[in-house]
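Asks: mind folding the following:
(chains A and B)
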Amino acid sequence: MKKIRIRVERVYEVPLWLRIVIPIIAILVALSIVAIIFLIQGINPIIAYAEIFHDAFLTTYGIKFNVVKLIPLLLCSLGLSVAFKANVWNIGAEGQLLMGAIAATWIALFKLKGYPSYIVIPAMYVLGFIFGALWALIPALLKAKFEVNEIITTLMMNYIAMKLVLFLIYGPWRGTTTWKYPITDEFPAEAQLPLIPGTLIHWPSLLIALILVPVIYLFLKKTKIGYEISVFGLNPNAARYAGINKTKVLVIVMLISGGLAGIAGVGEVAGIHHRLRYPSSISSGYGYTAIITTWLAKLNPLLLLPTTFFFGGLLVGGDVIKIDLRLPSSVVYLFNGLILTSLVSSDILLRYRIRLLVVGEEDDKCHS
Amino acid sequence: MTNVIAKQIALFINISIKAGTPLLLASLGEIYAERSGILNLGLEGIMLVGAVTGFILAHSTGNPLIGIIVSLLAGALMGLMHAFVCVTLRANQVVAGLALVMIGTGLSSLLGRSYVGVALEKPLRPLKIPVLSEIPILGEGFFYHDILIYTSYVLVPLLWFILYKTKVGIQIRAVGENPAAADSMGVNVYLIRYACTIFGGSLAGLAGAYISLAYTPMWMEGITVGKGWIALALVIFAMWDPLRAVLGAYLFGTTDVLQYWLQMPLQRRGIDPSILGTLPYIATIIALLIGSFERIRKRIGAPASLGKPYVRGE
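Replies: Numbers count the residues shown, from 1 in each chain, chains lettered A, B, ... in the order given. Next up is the predicted model:
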């Protein structure tokens, strides 16, 4: 009697086309699952998807907004690709972004009010980087010195940053001209980032992000510290024997990733909102979405351009379904989560090969 | 005077327990999952789904018990999904857990979209336990609660006993420490990991139900406000021991009470009390730090195979 046996084998080299096709299939699978959930909920998935993808990717209007969302995503993801390379799970980009927003507001409304823009704008970016970096430094030091799990601490720091923003806009920074609304006064014109005409694209932030793409790529690939980060990420014990300083690696990756998220926060308040306001209005979860874009890009800064563009589009789509289908905008997290699950699950197809073997009964006994 | 103080202490204990219970339930389940070697960072997402499904059912049937059962099942289902992704598909558990949080966030806001701001008419009511609730101070503090809190009272010693004193408990711990050795002893590694992760998910669902049916009986997006993450911290603080988890959970619960108590004094000094919202999160970081000192001192670590997929012969 012949029997079919399933054998799973470890695969070490995967052809390029598979590495491209499998993630795409994974995304399609996730989108189909969302479609089913939509159907069960009485929402027509075809209409929903047509709205999302048409508006976000096929209209100039949508693409303009897409780029607006790409800016913070790209900045956060660039930072995360450095942290993740060291196997340091910085889940705190969201909070680090908010700290950058706080820094920009402080410069714009209090510290450098009345100064010309060529002083105010660089100062906002610099202080935004510093605030974000320092916010990330706390979990970095706790992990380096006391082995405290950075996933939870970075996440807790998100909540603290969020509450801090709320405290500021309800308390000391509440605007004098805002009819008691919990928002700050508007930034003076000198502290507002220039836009590409006809869009909300604050090009200085976009420029910073685009310049950083090759910079971070080369930093990770070609510098000594970049090499140390990779070794540490692959095997912390081996790194220790190779004389790589753990604290140094942790501090550097967290300063970079926190700082870049901070810059993203500067861009959001100085480029778009021109004031500090509710945390959920400043960031539509860029810090969390950046985890997916970074993972999808396999921590490669160059691949972040397509992934952040795609997820920027999904965020635009989230706004579209909010307005057109009256769904809560956080429904977009369902897309994000299922895509991420699907991607991380599909990894097994890149690491293992499933083979169906037809064997005789005798043969079978030999194997078992 | 002493009467007033006694009343305050009783209230302090009572509220601390209420605030600590969702943390306790979720972390008890996570202790089992992690003891078996599966890290489930998705608690926050599971709690949200548990909270929303429980709320919807309790709201539409008028019976909170049905809500509780449904959130238990919803949590178990999400646990099953995590187990499938992590055990069978051997995926990266950190990423899979984060994804689960996102799924829970999105799914709960989708399911609850027409219930936002709706209050539950028949929330879980506290029941006085006869005799015990007559004890001065402690009676009102410990024995004037709803059924989910009493369930947690029973679960703590039970789960502790199973983990440390039974064969199943030994198998769970063995699978989390050294799955290859456990496998060679004939323990079904996959089965135990599946069971523990599903169990952990169902308790997280229950924790969510407690929030939306008893603690703040209503639905709003993100109603768990990070409690799932705090529960994860609590697991580490408790060093994967159910008995220590109780202590930690109620300790965390006190930060909620402190928030109320400090509100007035701050306002009097002209400070906006919203700054107190940071307290539970700062407390979590401090607790993690204390936990890590103690772990280093006592040389107790996480289960050795936590987060590592097991493949026979690899």
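
Asks: where along the chain do the strands fall?
Replies: This is for chain A. Ranges of strands in chain A, per DSSP state E, are A:2-10, A:352-360.

Asks: can you look at chain B instead?
Replies: Going by DSSP E, chain B shows strands at B:127-128, B:144-145.

Asks: dump these into a markdown table; add distance to chain A as well.
Replies: C-beta here means a position set from N, CA and C on the backbone, and glycine is covered the same way. Formatted as a markdown table, those follow (distance: least, CB to the nearest CB, whole Å):
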| stretch | distance to chain A |
| --- | --- |
| strand B:127-128 | 33 |
| strand B:144-145 | 27 |
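
Asks: so for B:Ala231, which of those strands sits nearest?
Replies: In terms of CB to CB, the element of the strands of chain B nearest to B:Ala231 is strand B:144-145, at 19.1 Å.

Asks: and the strands of chain A: which comes nearest chain B?
Replies: Ranking the strands of chain A by proximity to chain B (CB to the nearest CB) places strand A:2-10 first, at 7.3 Å.

Asks: out of the strands of chain B, deepest packed?
Replies: Sort the strands of chain B by mean neighbour count, taking mean count of other CB atoms under 10 Å in any protein chain shown, and strand B:144-145 sits at the top with a mean of 20.

Asks: distance between that one and the chain's centre?
Replies: Relative to the chain's own centre, strand B:144-145 is displaced by 19 Å; criterion: CA atoms, centre = their mean, to the nearest Å.

Asks: do the same with stretch A:165-177
Replies: Taking the mean of its C-alpha atoms, stretch A:165-177 sits 27 Å from the chain's own mean (CA atoms, centre = their mean).

Asks: how about that stretch: buried residues?
Replies: Buried residues in stretch A:165-177, defined by neighbour count with 16 or more other CB atoms under 10 Å in any protein chain shown: A:165-169, A:173-175.

Asks: what subset of those residues is also close to chain B?
Replies: Contacts with chain B are made by A:166-167 out of these, judged by CB under 8 Å from any CB of the partner chain.

Asks: tabulate the buried residues of stretch A:165-177 (a markdown table), appending pLDDT.
Replies: Conversion of these to a markdown table gives the following (pLDDT from 0 to 100):
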| residue | pLDDT |
| --- | --- |
| A:Val165 | 97 |
| A:Leu166 | 95 |
| A:Phe167 | 94 |
| A:Leu168 | 95 |
| A:Ile169 | 94 |
| A:Trp173 | 94 |
| A:Arg174 | 92 |
| A:Gly175 | 89 |
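
Asks: just give me the closest of the buried residues of stretch A:165-177 to A:Glu94.
Replies: So of the buried residues of stretch A:165-177, ranked by how close each gets to A:Glu94 (CB to CB), first place is A:Val165, at 11.2 Å.

Asks: ok, for the closest one, nearest residue in space, not its chain neighbours?
Replies: A:Pro279 (4.9 Å; CB to CB, 6 or more residues apart in numbering or on different chains).

Asks: hmm, B:Pro130 and B:Tyr144 touching each other?
Replies: No: contact criterion CB atoms under 8 Å: B:Tyr144 and B:Pro130 do not qualify, at 11.4 Å.

Asks: where's B:Gly45 relative to chain A, distance?
Replies: According to CB to the nearest CB, to the nearest Å, B:Gly45 stands 7 Å off from chain A.

Asks: report the contact partners of the closest residue to that residue other than its chain neighbours.
Replies: For B:Gly45, ignoring the flanking residues on the chain, the nearest one in space by CB to CB, 6+ apart is B:Gly104 at 2.2 Å. B:Gly104 makes contact with A:337, B:42, B:44-49, B:78, according to CB atoms under 8 Å, 6 or more residues apart in numbering or on different chains.

Asks: B:Leu232 too?
Replies: A:151-152, B:27, B:30, B:41, B:43.

Asks: and the residue of the stretch 201-314 of chain B closest to chain A?
Replies: Closest residue of the stretch 201-314 of chain B to chain A, CB to the nearest CB: B:Asp272 (3.1 Å).

Asks: which residues of the stretch 251-368 of chain A fall in helices?
Replies: Using DSSP state H, counting those that start in this stretch, the helices of the stretch 251-368 of chain A run over residues A:279-282, A:286-296, A:304-324, A:332-351, A:361-367.

Asks: burial measure for the residue nearest to A:Thr289 when sequence neighbours are not counted, as a count.
Replies: Leaving aside its sequence neighbours, A:Thr289 sits nearest to A:Phe311 (CB to CB, 6+ apart; 5.4 Å). The number of residues packed near A:Phe311 is 26, by other CB atoms under 10 Å in any protein chain shown.

Asks: thinking again about what came up before, out of the contacts of B:Leu232, what pair is the most spread apart?
Replies: A:Ile151 and B:Ser27 (15.3 Å).

Asks: looking at these two, which one has more neighbours?
Replies: Using other CB under 10 Å as the criterion, A:Ile151 and B:Ser27 rank with B:Ser27 on top: 34 against 22.

Asks: where does pLDDT dip in the chain?
Replies: Since you didn't name a chain, this refers to chain A. Along chain A, the model assigns pLDDT under 70 to residues A:1-2, A:359-368.

Asks: wait, chain B
Replies: Ranges of chain B meeting pLDDT under 70: B:1, B:314.

Asks: what sits against the nearest residue to A:Arg351 once chain neighbours are set aside?
Replies: Spatial nearest neighbour of A:Arg351, chain neighbours left out: A:Val11 (6.2 Å); criterion: CB to CB, 6+ apart. When the contact criterion is CB under 8 Å, 6+ apart, the partners of A:Val11 are A:350-353.

Asks: distance of the most centrally placed residue in chain B from B:Glu121?
Replies: Geometric centre of chain B, nearest residue: B:Ala26, 1.8 Å, by CA atoms, centre = their mean. Using CB to CB, to the nearest Å, we find B:Ala26 at a distance of 26 Å from B:Glu121.

Asks: ok, the longest helix along chain B near chain A or not?
Replies: Ranked by residue count, the top helix of chain B under DSSP state H comes out as helix B:2-35. No: using CB under 8 Å from any CB, helix B:2-35 never reaches chain A; the gap is at least 11.8 Å.

Asks: how about that helix: buried residues?
Replies: Neighbour-count burial for helix B:2-35, counted by 16+ other CB under 10 Å, picks out B:10, B:12-35.

Asks: now do stretch B:113-122
Replies: Across stretch B:113-122, burial judged by 16+ other CB under 10 Å covers B:113, B:115, B:120.

Asks: quickly list what A:Arg7 is bridged to.
Replies: A:Arg355 (DSSP bridges).

Asks: so what's the most centrally placed residue in chain A closest to, chain neighbours aside?
Replies: For chain A, A:Ala290 is the residue whose C-alpha lies nearest the centre (CA atoms, centre = their mean; 1.0 Å). Closest residue to A:Ala290 apart from its sequence neighbours, by CB to CB, 6+ apart: A:Cys76 at 3.6 Å.

Asks: wait, doesn't the one you found sit right on A:Gly259?
Replies: No: contact criterion CB under 8 Å: A:Cys76 and A:Gly259 do not qualify, at 10.9 Å.

Asks: which one of the two is surrounded by more residues?
Replies: The residue with more neighbours, out of A:Cys76 and A:Gly259, is A:Cys76; 35 against 26, by other CB under 10 Å.

Asks: can you pull the contacts of the more buried one?
Replies: A:93, A:97, A:257, A:260-261, A:264, A:286-287, A:290.
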